[in-house]
Every structure is written in C-alpha cells, then in structure tokens.
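>>> turn this into a structure:
(2 chains)
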Amino acid sequence: MTEDRPRLAIFGDSHYACLKQAHVQNLVDLSAVELEYWGHVGGRFRNLEFRDGAIHPTDDFTAQRFAKFNEKGRLTLPAADFDVILVAGARTYLARIFLALLRCHVHGPFVSQGLRSRILSDHLQDQAGFRLGSALAGTGGVKVLLSPIALYTESAAGLAQMTPEMTAIAPEIVPFLWEEVARITAEAGMTLVPQPPESITNWLWTKVDYAVADHEAKQDFEHHNPAYGALVLQAALDRITA
Amino acid sequence: MPHPYESLPEDRFWRSAVGERDALDITGLWKPKMRISRRTRIVTAGSCFAQHFAKALVARRYRWQDHEPGPPGLTPAQRLDYHYGTFSFRTGNIYTPRMLRQWLTWALTDTPVPPEVWERDGRFYDPFRPGVEPGGFHSPAELYASRQDTLAAIWSAVIGSQVFVFTMGLTEAWADRASGVEYAVCPGTIAGSFDPKRHLFVNHGFAALVADMQAVMQLLQAANPRMRLLLTVSPVPLTATASGQHVLLATSHSKSMLRAVASELTGTEALVDYFPSYEIITQPAYRGRFYAPNLRSVLPEGVDHVMRCFFQDQEAAFGPSRGSVVAEAPAPTTVPEAAEPELSEADELRCEEEILAAFAPTPRHD
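Below is the predicted model of the structure:
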C-alpha cells in the first residue's frame, strides 16, 4: 500500500545527481519508498538555514533553485514531511582530511586519537550538509542518513600523494577513520552511510569504474556515475528497510 | 674631588627616573646585552607569562620559532586546546629551572625520560606536561609517541635558534623522592595520585636554582655554542603554596629568589641577559595598574606595555630593527590544508551541469 511506504527525501548538492541517474535508469528498485529530491549546487548551501523544523533558503533565488527539481516544487525541506532524509554529498567532504591524517600517522607529526577525533569532528561540524542534517535529525521525527561526498576518483596525480608507507598502513588506519566518522555522525543524530567498499580502491580513492563520464577530459574527479549512485541508493535503502 | 654620584645619569636617581614621572614614562629599564632583531631566531619556554612573549613577537613579525606546530590545518581553537604554539614546543608550562634542565637533558642527551605515567578514569597523562592533551592520552604508548615529537622539537629548537627566552615562574615543586625527578604539577591534582611516601615537596633555594640554570646553559651551549639566554621572571603570583607560609609571603620568596638568580647569571654569564618584565608589572611605581582585580592575572595592557618597553629598549641600544618579514611563518594560518576550497565559477558550472543532466527529461529505462 502506497501509504505504508516510507517517505524518503534525498537532500544534496551536485553529488546527488548520480543517485537520480541511477533512479532514472532503474538501477535500483525504489518501489519500497516514496521519493523526492531536494538539492542544488554546493555553493548555494551557504544560503540555507535551519529553523522551525525545516531547511529554509535565505533568499528567493536559492529557494527557486532548490524547488526547481523537486517533485512538489518545495521551497523548503520540512523534517516532518518525511520518514527518512538522505543527505547525499551536501558539501560533506572526507577525502582530503583522511589523506592528511594518514600522512601524519606515517610521516608525522604525531596525532593522538583525541586530536584525530577533534579534527574530524570539527571538520564535519564545519560542513553545511552535516550541520543541516544534524538539525533535521534533532527534530526527532525523521531518520537522517548521511552519505558523504565520495572519495576522489583514482588518478595518477592522486596516487602520487600516497607514499609506500602510507599505502602499507592504510588498511589499518582508514577503517578507524571511517569508524570515527560513523561515531561522530551518530552523536550528531544521524546514521552514516559509508562509501560502499566495492567502489573504493587503494583505500582512499574511488574506482575509475564509477567516475563520471569523460572525467579526465573534464578533470572532474569528484562526481560519479549512475553505477555509483546505485550503490549509495541501495546502501541507504538497506538501512531504511532493515 | 667629585664623588661617583655627581656624574651619574638621570636614570640612576629615583626622583628623576621614577618619582617625578608617570609610570608609563619610565623608560630605559633595560640595557640589553644582546641585539634581538626581526632576523633573530627566538624560542620561548616557561610559565604562563612566557606565552605573551611569543604572541607579541609574532604580532611584530619577529622570528619566533614554533618547532612543534602540530598537524597542518589545525584551527586556532584546536591549537589552543591542545597546546600547540603556546611555546616553541609542546611542553606546556615549565615553571622551574629544574624542570627546564630536565626537558633539555632528555632532549639533548641520551638520558631517557622516566617511564612514569599518570592515570585518571582510564586515560593517561604525562607527569611532565599533564595539561597538553585534553582528556588524556588513549594509552601509555600514545603518550610516549607524542612526547617523542616534543623532545625532537626541543632539540631542533635549540639547534636552530639564536635566543632562548625563559620565563621563570616558581621555586616550589613536587618531586619523586627516589629519583629526584620533578613533576609539572603535584601528583593527584590533574591526574595520578598523591603518595606522601613517594612524593616530596621541594622549594628550591638560591644555590640549587643557580646550579640548575648553569646546567641549562651548559646543555644549551653544548648543543648550540652561539645560543643566548634571555631570562625573565613571571610577575604572576602563586596560585597556592605548600610551603607552610602565607601565599603572599611564599610569592615574595619565590619571586625574589628567581629575580636574584637572574641577576646572578646576568652578572656572571656573557650570554645571559635579563629583561625586567617582572619589575614593570610588580614595582610599586606602577601601582598595580597592570593587574586584574584578582591581583594575579596580568591585563593585556600590561603585556602591551612590557613588550613596548622591550622593543623600545632594543631600539635605544641598537637602533631600529631591520629585516624583512621572513618566510618561515611561525604558525599555520586558519585555512586548513585539508579543507575543501570554495567552489570556483567553473566548479559551480560543472556541478550545475551534473544536476541538469540528471534531472533532464529522458526516456525512461523501463
């Protein structure tokens, strides 16, 4: 019955595009949810605020941009209208900070676990999508899932940032970093949807298989393709229906 | 026959130098032995008051050296909370000459740091710098690894700098009876537990203080023969005393001792000088104007005046400081290396294209 299906909103920046593409291409069975999208480019996230139980654009132009691709033309995103909100991308980057912490672990300076947690926590709290997602979760009536922006697509230049020592110790350290992010996300009232492991290579990069089309010509190592979107959607659905 | 007082300059007489002046017009307190210019590489250590030195030097674009800045990209709040950039290395406060001697011995010789670790609520604290890690370290191994960075930073600071500024704060301390090693604070206050059988109150006397500072000089010069030492005495009274005396008397005792040590060393060691920040804050001529209502904390205007005198007296002795802004900025800026840059116009366009492509009407893939 339609009315029994959880109402799911995907709230994101341009990184939610691949989820939409996966949806359009029927790469994931979304019949179990009632789905809406509400998003726009990351630069507009500075024009969003949370108040009265909803995310509100602070100006009309931003409101119109977010409403443009929403099925109901919503100018705001009220938590109460949904059972689940998936914060997809939404300016929540992890790649560089993971790389920096791994580099410190191997090449110094020493970073204690306490400082590492503090760095990650402050970094996440500084990201607009994280703060807005946490505020939505704080209303108590909606489950909020957080899918951070994917790690950068693997490239020669990217891999050059990894020394052999970093590569050797990454299997030990990177899982800790994800656990820490999951803990911090949980403390903020949300559930982390970590990047699906099958999309990751060399611990800190997304496989080229999931890169956006013509990524090298476009020099776009951030956005990813519908196949990646499908993985994220499925991971989110698994957490909704579990 | 004229007597010696007839030819003395004006600043040798109380009436002309102090009594008939507004306190802020008292000048020339310091006749520096050494030139400290914008090109001089300076490291700082000591008690709370020493922190102000570093900030003032940085603000005036002097070459204050931070040898343990921590991981790149720390925010100012993180640096403050984790005690990076407070001094030239992450020791936390070093209150006594004995503590400085210990740190230099561990950093510059093969003498190992005692393995003692303090514990509280399942977290571990360094007895020699218990305040640097909020909430303590996860494990003793982590504590030791962190301390290795600090020891390396002290080593590189001594090797690489030209002036070591040390603000002496206390004569009172707590030590291990058996080894004599001195702790940063009394065991049991921040962490660990106090054991009267094991822990000993020490109130260093003049001879011990001088001996410790002479040992400090030897350690510094063995590592860096050109190193010069600039001493100051903290004007901040004791928070508390275990000496059995009234805290006001204990403060007077401690500060007098330290001030005498500074004079002794300045008089006997060519490479040691003393800067009178202590007098500027505490002397009755200044009528306590630089103290906060608690009569302990030094007001920002006091720090400002102290540093103004510092730079003025340097200029009076050696002329204006030349030297360009140097490349080795002492502290990271607030732009974290690991943060994502704001989107450029091209980035925004690319992002918008992704969205448009995803939401463009397309044939359904049924």
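>>> quick one: the strands in the stretch 101-250 of chain B?
B:118-120, B:123-125, B:163-168, B:172-176, B:199-203, B:228-233 (DSSP state E, counting those that start in this stretch).
>>> partners of the third one in the sheet?
Spelled out, that is strand B:163-168. Strand B:163-168 has the following sheet partners, assigned by DSSP bridges: strand B:41-46 (parallel), strand B:228-233 (parallel).
>>> same question, the first one
As defined by DSSP bridges, the strand partners of strand B:118-120 come to strand B:123-125 (antiparallel).
>>> just how off-centre is the strand it pairs with within its chain?
23 Å (C-alpha atoms, centre = their mean, to the nearest Å).
>>> please apply the same query to stretch B:62-72.
13 Å.
>>> how about it: buried residues?
Within stretch B:62-72, the residues scored as buried using 16 or more other C-beta atoms under 10 Å in any protein chain shown are B:62, B:63, B:64, B:65, B:66, B:67, B:68, B:69, B:70, B:71. All C-beta atoms are positioned from the backbone trio N, CA, C, and that covers glycine.
>>> span of it from start to end?
The first residue of stretch B:62-72 is 22 Å away from its last residue (C-alpha to C-alpha, to the nearest Å).
>>> mean confidence score for it?
Here stretch B:62-72 scores 95 as its mean pLDDT.
>>> do it and chain A meet at all?
Yes: counting by C-beta under 8 Å from any C-beta of the partner chain, chain A is contacted by stretch B:62-72 at B:68, B:69, B:70, B:71, B:72.
>>> in space, what's closest to the third one - neighbours in sequence excluded?
Okay, so that is residue B:70. residue B:84 (3.8 Å; C-beta to C-beta, 6 or more residues apart in numbering or on different chains).
>>> that neighbour sits in which helix or strand?
Assigned by DSSP states H and E, residue B:84 belongs to no helix or strand.
>>> right, and it touches residue B:74 too?
Yes: at 6.3 Å, residue B:84 and residue B:74 qualify as touching, with contact defined as C-beta atoms under 8 Å.
>>> give me the element residue B:313 is part of.
Going by DSSP H and E, residue B:313 is in helix B:300-318.
>>> that helix: how far from the chain's middle?
Per C-alpha atoms, centre = their mean, the centroid offset for helix B:300-318 relative to its chain is 18 Å.
>>> what helices or strands is whatever helix or strand comes next after that helix leaning on?
Using DSSP H and E, the helix or strand that follows helix B:300-318 in sequence is helix B:345-359. The helices and strands touching helix B:345-359, judged by 3 or more C-beta pairs under 8 Å, 6 or more residues apart in numbering or on different chains; DSSP states H and E, are helix A:17-24.
>>> next up, the contacts around residue 135.
Let's take chain A. A:50, A:55 (C-beta atoms under 8 Å, 6 or more residues apart in numbering or on different chains).
>>> correction: the question concerned chain B.
A:114, B:123.
>>> now residue A:46. Nearest residue, chain neighbours left out?
residue A:128 (6.6 Å).
>>> tabulate the strands of the stretch 101-250 of chain B (TSV), appending mean pLDDT, distance to residue A:6 and mean neighbour count.
Below are the strands of the stretch 101-250 of chain B laid out as TSV (pLDDT from 0 to 100; distance: least, C-beta to C-beta, whole Å; neighbours: other C-beta atoms under 10 Å in any protein chain shown):
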stretch	mean pLDDT	distance to residue A:6	mean neighbour count
strand B:118-120	96	46	17
strand B:123-125	98	42	20
strand B:163-168	97	63	26
strand B:172-176	97	61	19
strand B:199-203	97	62	16
strand B:228-233	97	67	25
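>>> of all those, which one is nearest residue A:226?
Among these, strand B:123-125 comes nearest to residue A:226, with 47.0 Å by C-beta to C-beta.
>>> and the contacts of the closest one?
Residues contacting strand B:123-125 (C-beta under 8 Å, 6+ apart): B:117-119, B:133, B:135-140, B:142-143, B:190-192.
>>> which SSE is residue B:281 in?
Counting by DSSP H and E, residue B:281 is found in helix B:277-282.
>>> test my guess that residue A:223 contacts residue A:17.
Yes: counting by C-beta under 8 Å, residue A:223 touches residue A:17, with 7.0 Å between them.
>>> overlap in contacts, these two.
Joint contacts of residue A:223 and residue A:17 (C-beta under 8 Å, 6+ apart) are residue B:354.
>>> more neighbours, these two?
Taking other C-beta atoms under 10 Å in any protein chain shown, residue A:223 and residue A:17 do not tie; residue A:17 has more neighbours (30 against 25).
>>> picking that back up, let me know the closest of the buried residues of stretch B:62-72 to chain A.
The closest of these to chain A turns out to be residue B:71 (C-beta to the nearest C-beta; 4.7 Å).
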